[in-house]
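> Prediction below, plus the sequence it came from.
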Amino acid sequence: MPTPNVVLHVADVHKRFGGLHALADIDLQVEEGQTHAIIGPNGAGKSTLLNVIIGKLAPSSGQVIFDGAILTGRKPYQINQLGIARVFQTPEIFADLSVLHNVMIPALAKRDGAFKLNMLRSLDSEVGIRQEAEHMLEDVGMHSSRDMHAGSLSRGDKRRMELAMCLIQHPRLLLLDEPTAGMSRHDTNTTIELLKKIKSRGMTKVIIEHDMHVVFSLADKISVLAQGRIIADGTPDQVRGNPKVQEAYLGGTH
Amino acid sequence: MLAMSRNDLLLFLGFTIAVLAMPIWLQPFGAAYPDLLQRFMIFGIFAVGFNILFGLTGYLSFGHAAFFGVGSYAAVWSFKLLSLDAIPAMIFAVVVSGLFALAIGFVSLRRSGIYFSILTLAFAQMSYNLAYSVLTPITNGETGLQLTLGDPRHFDRLFGEAMPGQPVPTLLGQSLGGFTGFYFCAGFLILAFFIAQRITGSPFGMMLKGIKSNQTRMNYTGFNTKPYTLAAFVISGMYAGLAGALLAVTDPLAGAERMQWTASGEVVLMTILGGAGTLVGPVIGAWLIKYFENIFSAINETILARFWDFLPDGADHFAVVVSSKFVGEGWFLTLGLVFVLIVVFLPGGIMEGVRRIAHLFDRKRSSPTNPGKTAPHPQPAE
Ligand SMILES: Nc1ncnc2c1ncn2[C@@H]1O[C@H](COP(=O)(O)OP(=O)(O)OP(=O)(O)O)[C@@H](O)[C@H]1O
Ligand SMILES: [Mg+2]
């Protein structure tokens, strides 16, 4: 069997908040094109792990390697420019701007890089970027709300829009922190379909989810996190059959 | 590339006409004299530039008077050393205030929110104190920097002897007093407005709005927000320097009080009063404040006594005493009150009032045609 191509490697990462060991000895390898789910009870350290990957938090020790480049020590915008985008647990959007502009901004970041003093151009002349954004909004089923204030969207719609903001950058790695939380069953299913469609385009994804329906319909691999440690990982079937997981998580509230 | 959308073009043309016709339409208000009109232009420029930093980018500077003052000093020095012509003075002032803004912005922008505001305030007060006492050889301290017959004016001397009499700034030999001075300043306000309009409508302007709305998201979206905020800071500093230079052109005397915190606060009030983040709002705010300052500060007790004369004895005296606190030197009290009312009832400033009224008319017009419409209005974004 050829060695799989590991794009993201979280190597021996520890993260302490004072006395709290939020991440302990995390070693995680995500393969190109796969969807890697991270599950675990509340407070397990899932969001903290994503924060370490995108540079919001510095690990106490260990490092994160993306496609041969060490991410640790880089700024969030540099990490994004390397091709990593994230949907947050509480949507991070431009609440004062229109939905269309919310999606155009990331497209401009992708095209123009981290800084460009393009103040003589008119935004109206950015036809290509605009069309790209409109197509993206069609893909997530939000085209009809493109002129609305993003701040006035429902929670589920904010999330879908944030997903569109990430997808328009065609990231190599997409990190999703509970992308379907706050969505209706119907919207959840649409989002699953959308994420499956992206998968067929070969985008690598790390997804945090509480909804087991979502996890088992999307994931190629699952890691189970509890109290800052990975207590199990493997294919969905392996994880489902693991008694430790049953005890720590699946047998619990879900 | 310089094509404008229809709406932008209409706004720009409307603005240009309104500005150029001010000597006509301000006549009934008793404000159509050159001195006041010039100040309308100058503080309009100051507010338009301030709005690029505050209204678009969301950084509230409390020290922009420093750049205004630097612009004035730089312009007067250009008159003294180089030439009485206004153009080199303005170029010199804009460059110097831009450099000044680069240095202060670089440090202040390491913080955001209230800490940023305090840093800018501290820098401006430092500049004020430097100008007032420490740097007296450059600023002439308390007296202020002014033109004298003995100024070297190296450029002018190359082309012949200085004209007799008190030196005044010129444009290609033409004196810039009166309405000529107004049209000179108006040209710059129109240019300043045009540039601000371009910036607002550009991808760069969109980034500034993104920073105001959610800087965290901008960072995770791949933008290095620091150079964007610094660029906005320097641009608004250059606007302030331009305004300061124009004030020196119309009245070639630069004093330290132009840099004081009250002057910095005034431009904040102008912008909020008119409507921060809008293009026209800050200009209207500047005009209103300068207009009412002019009216209210000229009122004295004699005028008030005549005004309240119809009241019974005793009551009229009381009314005069109370109202006299709000006029003359006390005009700032009136300004404060108006400001509080606006912020409480119209947080978006005068422009929000205009929008609300326009909306009201829209609904009146459209409601009979779709009577069954019960769905809430979708909030359109700008
Ligand atoms: N910035 C921080 N400072 C201090 N403690 C933190 C910080 N971020 C997270 N924690 C703590 O670390 C632990 C893990 O938090 P984290 O948000 O990663 O959990 P999670 O697995 O994402 O939980 P949930 O499913 O509720 O989102 C929690 O106990 C949390 O209180
Ligand atoms: Mg979480």
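Perfect, thanks for sending it. Ligands and ions are numbered 1, 2, ... in the order given.
> tell me the strands in chain A, going along the chain?
For chain A, the strands defined by DSSP state E occupy A:6-17, A:20-31, A:35-39, A:61-66, A:69-70, A:84-87, A:173-177, A:204-208, A:221-226, A:229-234.
> Next one: the most centrally placed residue in chain A from residue B:112, what distance?
Centroid-nearest residue in chain A, with CA atoms, centre = their mean: residue A:175, separated by 1.8 Å. Separation of residue A:175 from residue B:112 (CB to CB, to the nearest Å): 26 Å. Glycine gets a C-beta too; all of them are placed from N, C-alpha and C.
> Output the below-cut-off pLDDT ranges for the chain.
Looking at chain A here, since you left the chain open. Low-confidence segments of chain A, defined by pLDDT under 70: A:1-3, A:248-254.
> you looked at the wrong chain, it should be chain B
B:1-3, B:157-166, B:173, B:365-382.
> mind giving me the domain ranges of it?
B:36-157+B:167-279, B:299-366 (automatic domain parsing).
> winner for burial among those domains?
Compared across the domains of chain B, domain B:36-157+B:167-279 shows the largest average neighbour count, a mean of 22 (mean count of other CB atoms under 10 Å in any protein chain shown).
> what's the span of that one from first residue to last?
22 Å (CA to CA, to the nearest Å).
> As CSV, the domains of chain B with distance to ligand 1 would be great.
Formatted as CSV, those follow (distance: least, CB to the nearest ligand atom, whole Å):
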stretch, distance to ligand 1
domain B:36-157+B:167-279, 14
domain B:299-366, 33
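> So which of these is nearest chain A?
domain B:36-157+B:167-279 (3.8 Å; CB to the nearest CB).
> Could you confirm whether the closest one reaches chain A?
Yes: under the criterion of CB under 8 Å from any CB of the partner chain, chain A is reached by domain B:36-157+B:167-279 at B:198-199, B:201-207, B:209-210, B:212-214, B:216-225, B:227-228, B:231.
> How about the residues of the stretch 1-150 of chain A by ligand 1?
A:17, A:20, A:22, A:40, A:42, A:43, A:44, A:45, A:46, A:47, A:48, A:89 (CB under 6 Å from any ligand atom).
> Repeat the analysis, applying 8 Å as the threshold.
A:17-18, A:20, A:22-23, A:40-49, A:51, A:57, A:89 (CB under 8 Å from any ligand atom).
> re earlier: taking the residues of domain B:36-157+B:167-279 next to chain A one by one, which sit in helices?
B:198-199, B:203-207, B:209-210, B:212-214, B:216-220, B:225, B:227-228, B:231 (DSSP state H).
> follow-up on the earlier one: the residue nearest to the centre of chain A and residue A:47, how far apart?
Noted for residue A:175: a distance of 10 Å to residue A:47, by CB to CB.
> Once you drop chain neighbours, what's closest to the closest residue to ligand 2 within the stretch 201-350 of chain B?
Using CB to the ion, the closest approach of the stretch 201-350 of chain B to ligand 2 is made by residue B:220 at 15.8 Å. In space, and not counting its chain neighbours, residue B:220 is closest to residue A:76: 5.3 Å by CB to CB, 6 or more residues apart in numbering or on different chains.
> Residue B:329 should be in a helix, yeah?
Yes: residue state for residue B:329 (DSSP: H, G, I helix; E, B strand; the rest coil) corresponds to a helix.
> Please give me every residue in contact with it.
residue B:297 (CB atoms under 8 Å, 6 or more residues apart in numbering or on different chains).
> 6 Å - rerun?
Taking CB atoms under 6 Å, 6 or more residues apart in numbering or on different chains as the contact definition, residue B:329 lies against nothing.
> re earlier: wait, the residue nearest to the centre of chain A touches residue A:49, no?
No: Residue A:175 is not in contact with residue A:49 according to CB atoms under 6 Å; the separation is 9.4 Å.
> for chain A, which helix is longest?
Max-length helix for chain A by DSSP H is helix A:185-200.
> ok so, going back, drop anything exposed from the residues of the stretch 1-150 of chain A next to ligand 1.
A:22-23, A:40-41, A:44-49, A:51, A:57, A:89 (16 or more other CB atoms under 10 Å in any protein chain shown).
> Taking those together, which two end up most distant?
Farthest apart among these by CB to CB are A:41 and A:57. That separation is 20.3 Å.
> ok, how many other residues are close to residue A:166?
26 (other CB atoms under 10 Å in any protein chain shown).
> An error on my part: the question was meant for residue A:194.
What residue A:194 shows, counting by other CB under 10 Å, is a neighbour count of 18.
> same deal with residue A:110?
So residue A:110, with other CB under 10 Å, has 20 neighbours.
> what do you get for residue A:186?
Residue A:186, neighbours per other CB under 10 Å, totals 9.
> re the thing from before, which stretch among the strands of chain A comes nearest residue B:98?
strand A:84-87 (35.8 Å).
> For that closest one, which strands pair with it and how are they oriented?
strand A:173-177 (parallel) (DSSP bridges).
> Wondering if the strand it pairs with reaches ligand 2 at all.
No: using CB under 5 Å from the ion, strand A:173-177 never reaches ligand 2; the gap is at least 5.9 Å.
> Please see if that strand touches ligand 1.
Yes: Strand A:173-177 lies within reach of ligand 1 by CB under 8 Å from any ligand atom, at residue A:177.
> List the contacts of that strand.
By CB under 6 Å, 6+ apart, strand A:173-177 touches A:8, A:47, A:50, A:84-89, A:166, A:203-208.
> Now do that strand: distance to the chain's middle.
1 Å (CA atoms, centre = their mean, to the nearest Å).
> okay, the angle between that strand and strand A:20-31?
Interaxial angle of strand A:173-177 relative to strand A:20-31 (axes from the mean of the first three to the mean of the last three CA atoms, to 10 degrees): 140 degrees.
> and the angle for strand A:173-177 with strand A:61-66?
Using the same axes, to 10 degrees: strand A:173-177 against strand A:61-66 is 120 degrees.
> For strand A:173-177, C-alpha coordinates in CSV please.
Written as CSV, here are the backbone C-alpha positions of strand A:173-177 (Å, rounded to 0.1, in the frame of the first residue of the first chain):
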residue,chain,number,x,y,z
LEU,A,173,-7.8,22.4,4.4
LEU,A,174,-11.2,23.4,5.8
LEU,A,175,-11.8,23.3,9.6
LEU,A,176,-15.4,23.1,10.7
ASP,A,177,-16.4,23.7,14.3
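> just the angle between it and strand A:35-39, please?
Using the same axes, to 10 degrees: strand A:173-177 against strand A:35-39 is 30 degrees.
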